[in-house]
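Asks: sequence and predicted structure, then a few things I'm wondering about:
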Amino acid sequence: NTAFGAVADEQEEPTRTEFSRIQVEVQLGRTIEDSLRTAAARVQSEDLPWVADAIEIHRETGGDVADLLDGIAATVRERERVRGQIKVLSAEGRISGLVLVLMPFILAGVTYVAAPDYLAELTDSTAGRWMIFGASADMLIGVVWILRIVRLRY
C-alpha cells in the first residue's frame, strides 16, 4: 500500500488520482487485486489486470515482488513498443487508402475546372448517374476492405 502511495505522490494526472483512489480503497479494507481490477475497468487498461493477477499469485506463492513488477513493466513496455511499430508499418496502408479515396474527387474537380462540359456527359444522363452510384458503392467497399486490412488485432 505504501508503494501505491508513492506512485500517487510522484506521478502526474491521471495516474496520481487513480493510485490515490486505489490506496484509499485498500485502507478501507478492499483487496489490492480488487482495487486494481476496478481501476483497470475505469481507465480501460489492458495491462493493469496483469498487475492484479501477478500480485494475487505473488501473495499465494511468495517471492520477490519487485522482480515480479519489473518483469511486468518490461512486458508492458515491450507491448507498447510493438504497438508503435504496428502503427508505423500500417501507416502506408492507411495513406494508400486515403489517396485512393480522394483521387477520384480530385480528378473530378480538376476535370470540372478544366472542361466542365466533359463531366456533363456523366452527370446529365441516367446511365452516368448509375455509373457514379456504382463507383461510389465500390469505393465504399474498398474503404471498408482497406480499413480491415490495416487494422491489426494484437
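Replies: Received, thanks.
Asks: so which elements touch the helix or strand of the chain with the lowest mean pLDDT?
Replies: Lowest on mean pLDDT, DSSP states H and E among the helices and strands of the chain sits helix 2-10, with a mean of 79. On a contact count with 3 or more C-beta pairs under 8 Å, 6 or more residues apart in numbering; DSSP states H and E, helix 2-10 meets helix 15-27. In this view, the C-beta of every residue, glycine as well, is placed from N, C-alpha and C.
Asks: output the contacting helices and strands for the helix it packs on.
Replies: helix 2-10, helix 32-43.
Asks: what residues of that helix count as buried?
Replies: Burial within helix 15-27, assessed by neighbour count using 16 or more other C-beta atoms under 10 Å, is assigned to Glu18, Phe19, Ser20, Arg21, Ile22, Gln23, Glu25, Val26.
Asks: thinking again about what came up before, quick one, which of the helices and strands packed on helix 15-27 is nearest to Ala137?
Replies: Closest of the helices and strands packed on helix 15-27 to Ala137 is helix 32-43, at 40.2 Å (criterion: C-beta to C-beta).
Asks: quick one: low-confidence ranges for the protein?
Replies: 152-154 (pLDDT under 70).
Asks: as a check, name the ranges of all strands in it.
Replies: Using DSSP state E, no strands are found in the chain.
Asks: which residue ranges of the chain form helices?
Replies: Along the chain, the segments classed as helices by DSSP state H run 2-10, 15-27, 32-43, 48-61, 65-114, 116-123, 126-150.
Asks: can you list contacts of the first one?
Replies: Counting by C-beta atoms under 8 Å, 6 or more residues apart in numbering, helix 2-10 makes contact with Thr15, Arg16, Phe19, Ser20, Ile22, Gln23, Val26, Ile32, all of which sit outside it.
Asks: of these, which is the nearest to Asp117?
Replies: For these, the residue nearest Asp117 by C-beta to C-beta is Thr15; the value is 62.7 Å.
Asks: nothing else from me, thank you.
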